[in-house]
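Enquirer: Just to be clear, the model below is a prediction. Sequence and coordinates:
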Amino acid sequence: MHFGDDKFSGSLHLMDCCTHNSSDKKTLKSIEKLDTMDLKSKHAAPVLTDPVPINKCRLSIHSSILPYSPPAVSFSAVLYSMTPRKKPIPGKRDDVRATSWLDSMKCSSPRKKLSKAANNESPPDENDAVCCSWLLKYPSALISFEHITSYAKGKRIALFLDYDGTLSPIVNDPDSAFMSNAMRDAVRDVADYFPTAIISGRCRDKVYKFVGLTQLYYAGSHGMDIMGPVTNSVLVNDHPNCIRSTDKQGKGVNLFQPAREFIPMIDEVFRSLVENTKGIKGANVENNKFCVSVHYRLVDENNWSTIAQCVHDIIKEYPRLRLTHGRKVLEVRPVINWDKGKAVEFLLESLGLSHSDDVLPIYIGDDRTDEDAFKVLREQNRGYGILVSSVPKESNAFYSLRDPTEVMEFLKSLVRWKKTWSNREELERWQHPVSPQVDIELIAYTLLSASGLFSVATTLPLWKLLEIAMSASVLSSPTSLLQNRRCSFPIRSLPHPQHFLIKPQRFFPKTQSSTGNTSSLETGVSTELDAVSEFSEIVPDTVVFDDFDRFPPTAATVSSSLLLGICSLPDTKFKSAIETALADGECYLMEDSRVRMSCFLNKALVNVGADLTKLVPGRVSTEVDARLAYDTHGILRKVHELMRLYSEIEVPLERLLFKIPATWQGIEASRLLESEGIQTHLTSVHSFSQAAAAAQAGASVIQIFVGRVRDWARNHSGDPEVEAACRSGEDPGLALVTKAYNYIHKHGHKSKLMAAAICNKQDIFSLTGIDYIVAPLKILQSLKESIILPDEKYSFARRLSPSSSMMYNFSEEELVKWDQLSFATAIGPAAEDLLGAGLESYTKQTRRVEELFGKIWPPPNV
Ligand SMILES: O=P(O)(O)OC[C@H]1O[C@H](O[C@H]2O[C@H](CO)[C@@H](O)[C@H](O)[C@H]2O)[C@H](O)[C@@H](O)[C@@H]1O
């Protein structure tokens with residue numbers, strides 16, 4: 001990832017507002033030189049390097065306090081009991097003046113504010129030269145928003161936010177640093193789209209109280225107290241300072257506290273600091289659990305040396321503590337190699353986002369301690385640091401924002417961009433041609449021409465054009481437009497009007513093989529089918545494998561409906577399997593006609609199933625009679641009987657699955673069978689409770705019918721799960737599959753997820769990454785015929801993956817250990833209706849098979 005170009009082009013906006021005369025230019029040059037010198041001097045010093053505001057105090061040597069002492073001295077109780085001196089001794093060699101604390105303290109009260117003009121593109125006066133120069137180095141993240149998001153395209157953004165001065169304005173009383181409701185809403189919204197963590201100097205509990213959002217991750221005490229997600233990362237789990245715990249909602253979390261052994265020492269220092277500063281008016285000492293903050297915001301500047309001396313005298317007795325400077329605060333913290341930068345790395349690792357090029361971390365912070373995080377992102381060329389500051393300061397950040405209001409605006413912009421980008425992706429994937437001549441671009445073009453926006457439109461890419469059309473209320477949403485006039489090719493920039501009539505051919509040159517079928521192998525080009533098959537196993541949905549040659553199935557299901565299909569065709573390779581079943585002597589001898597019919601049915605299923613195991617490389621799933629759906633023991637008996645029959649004809653157990661409806665009794669049967677090593681396939685799953693309970697039961701395969709849930713939602717209301725998905729603009733079928741997938745992977749269940757009742761290509765694109773997709777041949781054919789141009793590959797990004805599942809948040813109710821009662825309470829009307837309808841239809845088919853068998857039995861040769 002190269003950030004350099006982006007930075008440069010981001011700066012161009014500001015060039016406009018900084019058109020200087022020659023004396024301005026000289027000023028800028030000297031400022032730049034000064035900046036470089038300052039950086040050099042900082043790098044030479046073996047001390048904590050904090051950025052300082054660019055004003056005259058930067059000319060003094062900026063040395064910080066104690067150098068990092070190696071943590072070689074073992075932590076001993078003696079250290080706690082050292083009684084610090086009560087009074088500062090002015091003039092002593094190691095006083096605060098000698099260590100330049102005062103310089104640093106004064107530097108934390110910068111005078112020169114960024115004028116609005118510098119950001120607002122009106123000409124600056126001479127005094128704004130410093131600010132202009134600074135803004136060239138750290139352009140506004142709002143002005144450079146497009147540059148930031150152009151890097152973010154196709155990447156997953158991970159957001160890290162500091163609290164004080166970033167999400168809440170700086171106030172005199174640290175206990176009153178409340179965050180506005182508007183900011184809370186912005187953070188909540190942004191966390192819905194991107195994994196978001198707060199990394200604060202405050203103790204974790206306190207910052208959580210201020211923010212109050214459960215969907216975030218929190219790191220307190222400058223990253224020394226991290227509550228992160230339960231993760232698969234060995235690096236995190238095996239870390240000696242990481243323990244498994246639960247959060248306030250009882251959800252499993254990882255707690256990482258690398259400075260735990262310092263708590264007694266910090267408490268002791270806190271008490272001494274409170275005691276020793278109580279005579280200093282305005283001083284305020286805050287215990288942040290793994291560090292202590294000594295606030296001097298309300299202390300008269302004449303007394304700053306007194307408070308500094310006081311802190312100095314206390315911590316010099318504790319070689320394993322060090323001091324850093326914040327905004328009118330002296331921070332006392334353990335000398336350990338851990339800071340906000342390390343916390344960012346730790347959280348990225350915990351979230352499964354650290355080894356991927358498609359992740360863009362963004363860190364927003366205002367304080368010196370945030371520089372450690374900016375540095376990590378900059379040095380590892382990983383993401384963007386954004387400094388919140390209304391004064392020019394040297395920083396490792398890439399961009400700047402002036403204050404929390406701008407931070408809020410930036411967060412909102414990210415959400416807006418993400419929504420637009422998702423819409424755009426949606427547009428780009430919609431590829432069912434209706435009429436090649438009428439397509440989305442033509443419609444958008446016409447709409448904009450009619451509304452007088454045409455001249456703007458000609459130079460813009462289509463997605464931008466649609467955005468304008470939407471904001472100008474010419475168009476309510478691209479989706480609404482597409483529902484009537486669907487797009488015939490992936491959208492790119494607006495073509496010249498004369499191209500309108502030839503677009504489909506231009507964008508989708510069809511490569512035909514001699515047989516008339518497109519084959520990626522023959523042509524050397526890749527198709528959409530190749531792209532989705534990279535992430536998911538695509539199972540052709542055929543009834544009697546009539547298209548075996550074109551789409552060889554990888555797995556199969558033997559069911560009543562397959563038996564009916566075989567019986568209805570004049571000649572299929574499976575017919576003899578049924579005839580053999582009906583001629584079976586064991587069944588023939590049974591007197592009770594119902595028992596006899598059940599025997600024939602079992603034999604027919606098993607004979608056809610055995611034939612299928614010879615044809616497909618994967619597993620064959622055998623349907624269990626739907627009439628047993630509410631009878632756990634009945635299901636167990638049936639499965640054992642089918643297994644016995646399979647083993648008689650030597651079909652290995654590992655090639656078999658048993659397909660059971662996901663009623664509570666079916667799920668229980670699955671649990672018991674799986675514990676015996678028998679693989680089950682739970683079907684008719686239409687709600688999260690079914691999927692989660694099935695995963696907890698250890699079902700090998702869980703099958704969700706995407707289209708059925710969607711159809712139910714079109715015609716009914718009143719299901720909370722369906723309505724929640726619709727409210728957030730999601731398709732309820734796809735949302736259910738996504739949630740189930742994330743649940744299975746986030747919580748380490750072994751189940752594989754299968755999406756069935758796929759209605760169009762968009763369904764497949766939205767679910768790439770899921771284990772199995774059962775798709776109709778018509779859709780597969782269309783995928784196979786669609787060539788992907790090299791620059792369109794990004795459109796086929798994997799949507800579901802174990803690492804992205806780590807970011808998915810589940811509510812407390814969803815994370816229960818499911819039992820019959822909670823299952824019955826949670827299952828909504830959609831799943832109830834669909835399960836009922838499914839069972840009814842399976843039962844009907846089984847009865848039809850029995851009727852048919854009754855008619856043809858005994859066959860002529862028996
Ligand atoms: O990492 P942060 O979340 O930015 O926390 C750093 C310190 O922030 C708080 O102090 C600062 O904000 C106060 C309230 O606005 C203000 O009065 C004080 O002058 C600032 O330094 C917090 O009180 C400290 O504990 C944090 O370490």
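Expert: Good, I have the coordinates.
Enquirer: Run the chain-centre distance for the helix or strand that contains residue 286.
Expert: Assigned by DSSP states H and E, residue 286 falls within strand 284-287. With CA atoms, centre = their mean, to the nearest Å as the basis, strand 284-287 stands 37 Å off its chain's centre.
Enquirer: helices or strands up against the helix or strand just after that strand?
Expert: Going down the chain from strand 284-287, the next helix or strand is strand 292-295, by DSSP H and E. In this structure, strand 292-295 packs against helix 263-277, strand 284-287, strand 329-334, with contacts taken as 3 or more CB pairs under 8 Å, 6 or more residues apart in numbering; DSSP states H and E. To be clear about C-beta, it is placed using only N, CA and C from the backbone, and glycine gets the same treatment.
Enquirer: Report the contact partners of the closest residue to residue 818 other than its chain neighbours.
Expert: Of all residues not flanking residue 818 in the chain, residue 693 sits nearest, at 3.9 Å (CB to CB, 6 or more residues apart in numbering). By CB atoms under 8 Å, 6 or more residues apart in numbering, the contact set of residue 693 is 662, 664, 667, 818, 823.
Enquirer: Contact partners for the second one?
Expert: It refers to residue 664. Counted by CB under 8 Å, 6+ apart, residue 664 has contacts 693, 820, 823, 824.
Enquirer: switch to 10 Å and redo it
Expert: 629-630, 632, 689-690, 693, 818-821, 823-824, 827 (CB atoms under 10 Å, 6 or more residues apart in numbering).
Enquirer: give me the subset of these touching the ligand.
Expert: Of the residues in the contacts of residue 664, proximity to the ligand by CB under 6 Å from any ligand atom holds for none.
Enquirer: Throw the residues you listed into JSON lines and include pLDDT, thanks.
Expert: Putting those into JSON lines (pLDDT from 0 to 100) gives the following:
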{"residue": "629", "pLDDT": "96"}
{"residue": "630", "pLDDT": "95"}
{"residue": "632", "pLDDT": "95"}
{"residue": "689", "pLDDT": "96"}
{"residue": "690", "pLDDT": "97"}
{"residue": "693", "pLDDT": "97"}
{"residue": "818", "pLDDT": "94"}
{"residue": "819", "pLDDT": "93"}
{"residue": "820", "pLDDT": "92"}
{"residue": "821", "pLDDT": "91"}
{"residue": "823", "pLDDT": "94"}
{"residue": "824", "pLDDT": "93"}
{"residue": "827", "pLDDT": "93"}
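Enquirer: Got a PyMOL select line for the buried ones in the residues you listed?
Expert: Remark: buried members of the contacts of residue 664, expressed as a PyMOL selection using 16 or more other CB atoms under 10 Å:
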select buried, resi 629+632+689+690+693+818+823+827
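Enquirer: Pull out the buried residues from the longest helix along the chain.
Expert: Ranked by residue count and defined by DSSP state H, the top helix of the chain is helix 829-856. Neighbour-count burial for helix 829-856 flags 829-831, 833-835, 838-839, 842, 845-846, 849-850, 853 (criterion: 16+ other CB under 10 Å).
Enquirer: Assumed the residue nearest to residue 818 was part of a helix.
Expert: Yes: the assignment for residue 693 by DSSP: H, G, I helix; E, B strand; the rest coil puts it in a helix.
Enquirer: end-to-end on stretch 655-669?
Expert: 19 Å (CA to CA, to the nearest Å).
Enquirer: got a markdown table for the buried residues of helix 829-856, with pLDDT and distance to the ligand too?
Expert: Below are those laid out as a markdown table (pLDDT from 0 to 100; distance: CB to the nearest ligand atom, whole Å):
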| residue | pLDDT | distance to the ligand |
| --- | --- | --- |
| 829 | 95 | 46 |
| 830 | 96 | 44 |
| 831 | 96 | 44 |
| 833 | 95 | 50 |
| 834 | 96 | 48 |
| 835 | 95 | 49 |
| 838 | 94 | 53 |
| 839 | 95 | 55 |
| 842 | 94 | 58 |
| 845 | 93 | 63 |
| 846 | 95 | 64 |
| 849 | 92 | 68 |
| 850 | 92 | 70 |
| 853 | 87 | 73 |
